[in-house]
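Engineer: mind folding the following:
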Amino acid sequence: CYSWRVTVAAASTASTASTASTATSAANADGSSGDGDTRKEGRAYLDGVGDSKVMSWGELDSKMAALSQTAGLDLAAVARAGDADGDGDGTTSTALVERMDALGARTMPHAHGRCFITHLSGVAKILEAWGQPPLLCACGFAHSVYSTSMFPKGLFTFDQRAELRQLLGYRGEMLVYLYCTVGQNAIYTEVRRCLEKGGGTLPSAGFPVTNCHSGERLLLPARAAANLLVVLAADLCEQDSYFEMDLAFGCLRLAAPHLASPPPLHARLEKSGFYAMSTAAQRAAQGEAKRALQRTEAWELATPRSAGEMARTSRLLDETHAASAATAHRQLLAAASCHPWCYELQACALALDVAENAQRPDDQREQEALDARVTECRAACADWGTRWSRPADAAEAAAWVGGMLQNHIFMPS
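Structural biologist: Sure thing, here's the model as predicted:
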């Protein structure tokens, strides 16, 4: 049901290197990966996480051993019979995935009726689409396996950290441990404070986080905070239809300048003017875009897609239908123009234009303009790595765009 592969070997190599040379880790804090050596990659991309001076959580482990007794696994079988979530596809036969399977990741329920491993895989795929390194993608795949302040179920207990460290590597496990022990509501508050009062940048003194179990506080250096925030952004984007862009993309905005590979989506949002809007304006824009997409979805359901279907639904082809089609088209074009950051609106508007232009095949100039828009829309979809209107990975999003452009039938007034 997913194709993302966990690079266990690379993570383990990074573990050995990072524990052997803290001084070398600090020297590579600029994030350069040199010749691609996996040891340098592990140190560079997760610099600051795993350092005893940074991760000074006191005697947290001893408290976790007791708390883990009440954070048992819920292994209720919720996957529907025949659902892909219950079937392996043979492409993820790594030790980490196999261990998660054994612990019930495919049967543990998560948001919206999906199994836990679908969500974990989705987060990793988004990070991969955003160009993040394999070790950080692996952290995305395991980001909440201990349970979090927002999701109290886990696959591993906190006294099983040594086992996960063997599977994920030292620094990878420490980032997962950090992610699972911070209070996420406090992070949301701090992200909004940075956006509204901090000029859209991380605090120079460090990004404050609070341990949701012990109440301890620490200041994360920029690189560690960026790694935490980009995983959180992917986590938020993966879970909910019409997720709160101002929060998810706010995390991305704060993280991007400190990542070795800033996600292309960050540059796209910046160029479109999304970051320049106030939080209130962003929310208002999201509301307008959501309504436009929902109107389009309702229209899609009512629009015949084949000659046979047209014949069966001829009652829809009257003047009222034609007029409403023209109105819907105008509204969609207006919404797409106002919200260039939302590629789904661009795809819907483009689908109507492509289908309408098919009735004028000799207009070469218009066809070339449409071809350029199609290329741009596909690029935007790839940069997002997901959809806004519903959870989807990059492949599913690209397939949706392709289907829109190939199958939509527009009936002009």
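Engineer: can you give me the neighbour number for residue 372?
Structural biologist: When counting by other CB atoms under 10 Å, one arrives at 10 neighbours for residue 372. For glycine as for every other residue, the C-beta is placed from the backbone atoms N, C-alpha and C.
Engineer: is it in a helix, a strand, or coil?
Structural biologist: helix (DSSP: H, G, I helix; E, B strand; the rest coil).
Engineer: so it versus residue 405, what's the distance?
Structural biologist: According to CB to CB, to the nearest Å, residue 372 and residue 405 sit 13 Å apart.
Engineer: same check, this time on residue 282
Structural biologist: Applying CB to CB to residue 282 and residue 405 gives a distance of 28 Å.
Engineer: these two: who's more crowded?
Structural biologist: Ranked by neighbour count (other CB under 10 Å), residue 282 and residue 405 place residue 282 first, with 21 against 18.
Engineer: where does this protein dip in pLDDT?
Structural biologist: Filtered on pLDDT under 70, the chain yields the residue ranges 1-93, 298-325, 407-413.
Engineer: the strands in the chain, which residues?
Structural biologist: Secondary structure of the chain (DSSP state E): strands at 207-210, 217-220.
Engineer: residues of the last one that come out buried?
Structural biologist: Along strand 217-220, these residues count as buried under the neighbour rule (16 or more other CB atoms under 10 Å): 218, 220.
Engineer: what's it packed up against?
Structural biologist: strand 207-210 (3 or more CB pairs under 8 Å, 6 or more residues apart in numbering; DSSP states H and E).
Engineer: the strand it packs on pairs with which strands?
Structural biologist: In the sheet, strand 207-210 lines up against strand 217-220 (antiparallel) (DSSP bridges).
Engineer: including distance to residue 198, could the strands of the chain go into JSON lines?
Structural biologist: Below are the strands of the chain laid out as JSON lines (distance: least, CB to CB, whole Å):
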{"stretch": "strand 207-210", "distance to residue 198": "10"}
{"stretch": "strand 217-220", "distance to residue 198": "14"}
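Engineer: those: which one's closest to residue 274?
Structural biologist: Evaluated with CB to CB, these place strand 207-210 nearest to residue 274, the distance being 22.0 Å.
Engineer: with only the CA atoms kept, save that closest one in PDB.
Structural biologist: Coordinates of each C-alpha in strand 207-210 appear next as PDB, following Å, rounded to 0.1, in the frame of the first residue of the first chain:
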ATOM      1  CA  PHE A 207      13.200  27.600  19.600                       C
ATOM      2  CA  PRO A 208      11.500  26.800  22.900                       C
ATOM      3  CA  VAL A 209       9.800  23.400  23.400                       C
ATOM      4  CA  THR A 210       8.300  21.800  26.500                       C
END
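Engineer: can you give the contact residues for it?
Structural biologist: 178, 182-183, 186-187, 190, 194, 216-220, 222, 224-225, 228-229 (CB atoms under 8 Å, 6 or more residues apart in numbering).
Engineer: show the buried residues in these.
Structural biologist: Buried, going by 16+ other CB under 10 Å: 178, 182-183, 186-187, 190, 194, 218, 220, 222, 224-225, 228-229, out of the contacts of strand 207-210.
Engineer: what are the ranges of the helices in the stretch 51-200 of the chain?
Structural biologist: Along the stretch 51-200 of the chain, the segments classed as helices by DSSP state H, counting those that start in this stretch run 60-67, 95-102, 116-129, 134-141, 161-168, 170-181, 184-197.
Engineer: just the helices in the stretch 251-400 of the chain please.
Structural biologist: 264-272, 279-302, 307-312, 319-338, 343-357, 364-384, 394-407.
Engineer: need the phi and psi values for residue 144.
Structural biologist: phi -130, psi 30 (degrees, to the nearest 10).
Engineer: give the contact list for it.
Structural biologist: Residue 144 makes contacts with 120, 151, 154, 179-180, 235, as judged by CB under 8 Å, 6+ apart.
Engineer: and with 10 Å instead?
Structural biologist: 110, 116, 119-120, 123, 150-151, 153-155, 176, 179-180, 231, 235 (CB atoms under 10 Å, 6 or more residues apart in numbering).
Engineer: max pairwise distance over the buried ones among the contacts of strand 207-210: which two?
Structural biologist: Once CB to CB is applied, the buried ones among the contacts of strand 207-210 give 183 and 222 as the farthest pair, at 20.1 Å.
Engineer: quick check on residue 104: phi, psi?
Structural biologist: Dihedral pair for residue 104: phi 100, psi 20, per degrees, to the nearest 10.
Engineer: burial count for it?
Structural biologist: Neighbour number of residue 104 under other CB under 10 Å is 18.
Engineer: my guess is it meets residue 116, correct?
Structural biologist: Yes. Counting by CB atoms under 10 Å, residue 104 does reach residue 116; the two are 8.0 Å apart.
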